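Visitor: Okay, structure incoming, though there's no sequence with it:
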DNA sequence: TTGAAAGCGATACCAT
DNA sequence: ATGGTATCGCTTTCAA
């Protein structure tokens, strides 16, 4: 645990001044420092395994190249981690480091997390949530370039840019997939009513049905919750009736597991007797379900990448323009809002409507 | 985005010197600074919303109060996030901040992540993995106090302390639970053979069977994989035979979902005809399964907390002694290894053995 | 009781 | 071409 080599150590070893070391190691050697000295400096630096002290650099330059990410529960929860993954990719590509602080859903920790990050002089801030939700933006976020991912400014006059999934078209395309397979009696098992994503996905569903000129039976659309048992009970109700839907769209993949469990218990084969769709393309769940789940994937990586790109642009303009890799289309950008399209993933849990 | 107030600003406003500000704000005012000045300083500080620049502090004090956490995929994966949660709890309680870098399973990024953290002068490092595994410890970790969570030093002469779950007793207690319910024909559906956790859990299973003097049928114990479909296919084999086990222990909760799906398809009621046990107590899965899953919970938070406590003790001795809250017992500490016990969670998927 | 000054590590300007 | 010096914000010692 001996001290790391400093620029002074390198200078001594090379028999030059600290200034020379600084110039050479930052590529500004030519024209300022003799070729010979340059070689000696580089030699000494590598011998001592010199790398500059980022703390000292930050103090000197008044920029840390650190982006602070605050999350409500992304780290500890099983979801949406890929938003951070996508954001980090972009940050790293630009020589930035991200530091993540998770408040574990304790909103009272928001401000202090932001202050801690601000005390550490982060160059920018990003707030990431699990699940789409309104956010009371911590005040500190207005003091440096900031951006919101998967959440949006809840105040009457929003100030921060946010990146969210296009839930309406997600819901619509899910239902359209089923419509194309010939289904007409489609149920929509929504999550908890408290999520702002729920009405949007339902709106998409209704849009698809309307375009196909099929009336939506109100008893076919209801909020159930987000968990396996919610899906199970919802499906048991739907499927035990004499007249049952031929397809069920679930607002997430765990609901779909519950539905599959119910179908199996009732002796219904999937997709022969019943088509099931999930939502989220939850990692290690959707792809390995039996049968593998057709689902609407949330563009988590893309969202994180888009948000970070935006943020870095605010910080330095010379970041090359982003390549938004939307799934089924391009991200749309309206004012403070960027919507990234969801992506239909067709697997085996959906199939043609059964013959009567 | 105006500049933050510095100690100098506070000093000016209070009409004193920087030194006085520093002394007072660090509690060393009494006996050094006049009562009156103290008040003026505190007043000025709060008016200017002064908080010290952590970067400058770090440079000056040669300690950053930052712990770097490197993870192989904890952030982006749905698992084991609570290790970081538990670690962060402890760190925050001691005035430390954690910064997490996820390498997304790219081992070649390990070294550079550690170097980046080291350049930023972290006071200590922790490596956290998803799932128990051997680790090629990045060299840089040996340069500052470091600890391993959920992984262990793969080298011939390990140097770093590690904290891992007690998988043997986890496996044993899972099977014992079933034994107590009267089961005799118990199958063990293990995960992928590549995981070091698998042989340990199996060893625990065999231990329990041996203690009960029940021979283990070799066709009842096999590695399947970790996913829903693996559980499904494993169970279909096991349950379609004329002589089928009355209980199945799964090496994780997703395997258990697959088993439940298979049971439902075969018309077997759980737990009446078949008891199913999971492992992990995976968040939003185990508790909401239908029926709710009896499972062996991994002590993730405790592991993270134990590892961080250990690390902070290395950094400063004056950290109050930890209160290891093991689930079913106390953490055991042998040499470089701390094992934290797993915790049996009894729910509804296990029940008495069916009458013949 | 107070303020001046050194120093943490690096950079950039300005003499030489 | 080169090295001395101020500076970033803060703490700590030392002298007044």
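Guide: The structure has been received and is ready for your questions. Treat the numbers as computed from the prediction; the structure is a model and nothing was measured.

Visitor: Quick check on residue A:293: phi, psi?
Guide: With angles defined as degrees, to the nearest 10, residue A:293 sits at phi -80, psi 120.

Visitor: Need the phi and psi values for residue A:103.
Guide: Note on residue A:103: its backbone torsions stand at phi -90, psi 0 [degrees, to the nearest 10].

Visitor: Now do the same for residue A:104: helix, strand or coil?
Guide: Secondary structure state of residue A:104, per DSSP: H, G, I helix; E, B strand; the rest coil, is coil.

Visitor: tally of neighbours for it?
Guide: By other Cβ atoms under 10 Å in any protein chain shown, 16 other residues sit near residue A:104. Any C-beta I mention is one placed from the backbone N, CA and C, and that applies to glycine too.

Visitor: what separates it from residue B:76, distance-wise?
Guide: 18 Å (Cβ to Cβ, to the nearest Å).

Visitor: Please apply the same query to residue A:99.
Guide: Residue A:99 is 16 Å from residue B:76, by Cβ to Cβ.

Visitor: now do residue A:145
Guide: Relative to residue B:76, residue A:145 is positioned 24 Å away (Cβ to Cβ).

Visitor: These two - which one has more neighbours?
Guide: Set side by side, residue A:145 and residue B:76 show more neighbours around residue B:76, with 27 against 22, by other Cβ under 10 Å.

Visitor: Surely that one is in contact with residue B:103?
Guide: No. Shown here, residue B:76 and residue B:103 do not form a contact pair, counting by Cβ atoms under 8 Å, at 9.8 Å.

Visitor: And stretch A:89-97, what's buried?
Guide: Burial within stretch A:89-97, assessed by neighbour count using 16 or more other Cβ atoms under 10 Å in any protein chain shown, is assigned to A:89, A:90, A:91, A:92, A:94, A:96, A:97.

Visitor: Retrieve the pLDDT associated with the residue in the stretch 51-200 of chain A positioned nearest to chain B.
Guide: With Cβ to the nearest Cβ, the shortest gap between the stretch 51-200 of chain A and chain B falls at residue A:78, namely 3.1 Å. Looking at residue A:78, its pLDDT stands at 84.

Visitor: now do residue A:346
Guide: Listed pLDDT for residue A:346 reads 98.

Visitor: Mind jotting down where the strands sit in chain A?
Guide: Taking DSSP state E as the criterion, chain A carries its strands at A:66-71, A:97-102, A:124-135, A:146-153, A:161-165, A:186-190, A:221-223, A:247-250, A:275-280, A:294-297, A:332-334, A:337-340, A:343-345.

Visitor: By mean pLDDT, show me the worst of these.
Guide: Least confident of the strands of chain A, judged by mean pLDDT, is strand A:332-334 with a mean of 73.

Visitor: That one pairs with which strands, and in what direction?
Guide: strand A:337-340 (antiparallel) (DSSP bridges).

Visitor: Could I get the buried residue list for the partner strand?
Guide: Buried-residue list, strand A:337-340, by 16+ other Cβ under 10 Å: A:338, A:339, A:340.

Visitor: can you pull the contacts of the first one?
Guide: Yep, that's residue A:338 we're talking about. Listed by Cβ atoms under 8 Å, 6 or more residues apart in numbering or on different chains, the contact set of residue A:338 reads A:161, A:162, A:163, A:164, A:306, A:307, A:310, A:331, A:332.

Visitor: Dig out what the residue nearest to it when sequence neighbours are not counted forms beta bridges with.
Guide: Leaving aside its chain neighbours, residue A:338 sits nearest to residue A:163 (4.6 Å; criterion: Cβ to Cβ, 6 or more residues apart in numbering or on different chains). Judged by DSSP bridges, the bridge partners of residue A:163 are residue A:149, residue A:338.

Visitor: What separation do you get for residue A:163 and DNA strand C?
Guide: As for residue A:163, its distance to DNA strand C is 33 Å (criterion: Cβ to the nearest atom of the strand, to the nearest Å).

Visitor: isn't that residue right next to residue A:308, touching?
Guide: No. Using Cβ under 8 Å, residue A:163 is not in contact with residue A:308; the gap is 9.2 Å.

Visitor: Quick check: neighbours shared by those two?
Guide: Listed as contacting both residue A:163 and residue A:308 by Cβ under 8 Å, 6+ apart are residue A:147.

Visitor: Got the confidence number for the residue of the stretch 201-350 of chain A found nearest DNA strand D?
Guide: Relative to DNA strand D, the nearest point of the stretch 201-350 of chain A is residue A:315 (18.0 Å; Cβ to the nearest atom of the strand). On pLDDT, residue A:315 comes in at 92.

Visitor: now swap in residue A:31 and tell me
Guide: So, for residue A:31, pLDDT stands at 85.

Visitor: got a list of contacts for the helix or strand bottoming out on mean pLDDT in chain A?
Guide: With mean pLDDT, DSSP states H and E as the measure, the helix or strand of chain A carrying the lowest mean pLDDT is strand A:332-334 (a mean of 73). In this structure, residues lying in contact with strand A:332-334 by Cβ under 8 Å, 6+ apart are A:166, A:338, A:339.

Visitor: I'm done for today, thanks for sticking with me.
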